[in-house]
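Asks: can you look at this prediction? I've put the sequence above it.
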Amino acid sequence: MEELVGVIAKALVDHPEDVAVKKVEKDHLVVYELTVHPEDVGKVIGKQGRIAKALRTVVTSAAVKMDKRVTVDIIS
């Protein structure tokens, strides 16, 4: 799942070398913290958060087989 988030994010940004994904687990929640270059935050979030929402939807759909909730946090 971390690879999925990383591959999608690297395709969106101008500085793919600065993309990092960290997995944080809490009870029944898995949070993928996506860190990008400060100049690329807007590209990952998108207008009105559309790209971020789509990224979260893809990750949630891919995690259906897991018995946990999954979300993505974007950090600059």
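Replies: Structure received. Residues are numbered from 1 along each chain as shown.

Asks: doesn't residue 64 fall inside a helix?
Replies: No. Checked against DSSP: H, G, I helix; E, B strand; the rest coil, residue 64 lies outside a helix; its state is coil.

Asks: quick one: pLDDT of it?
Replies: Here, the pLDDT recorded for residue 64 equals 87.

Asks: quick one: contacts for the residue nearest to residue 12 when sequence neighbours are not counted?
Replies: Closest residue to residue 12 apart from its sequence neighbours, by CB to CB, 6 or more residues apart in numbering: residue 43 at 5.3 Å. C-beta here means a position set from N, CA and C on the backbone, and glycine is covered the same way. Residues in contact with residue 43 (CB atoms under 8 Å, 6 or more residues apart in numbering) are 12, 13, 14, 51.

Asks: from these, which single one is nearest residue 26?
Replies: Nearest to residue 26 among those: residue 51, at 25.2 Å, using CB to CB.

Asks: quick check, the closest one in contact with residue 42.
Replies: No. Judged on CB atoms under 8 Å, residue 51 makes no contact with residue 42 at a distance of 9.5 Å.

Asks: settle it for me: which of those two has more neighbours?
Replies: residue 51 (18 against 12; other CB atoms under 10 Å).

Asks: all helices of this protein, in order?
Replies: 2-12, 41-45, 50-62 (DSSP state H).

Asks: need those helices in JSON lines (columns: distance to residue 22).
Replies: Output for the helices of the chain, formatted as JSON lines (distance: least, CB to CB, whole Å):
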{"stretch": "helix 2-12", "distance to residue 22": "8"}
{"stretch": "helix 41-45", "distance to residue 22": "15"}
{"stretch": "helix 50-62", "distance to residue 22": "14"}
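
Asks: right, I'll call it a day here.
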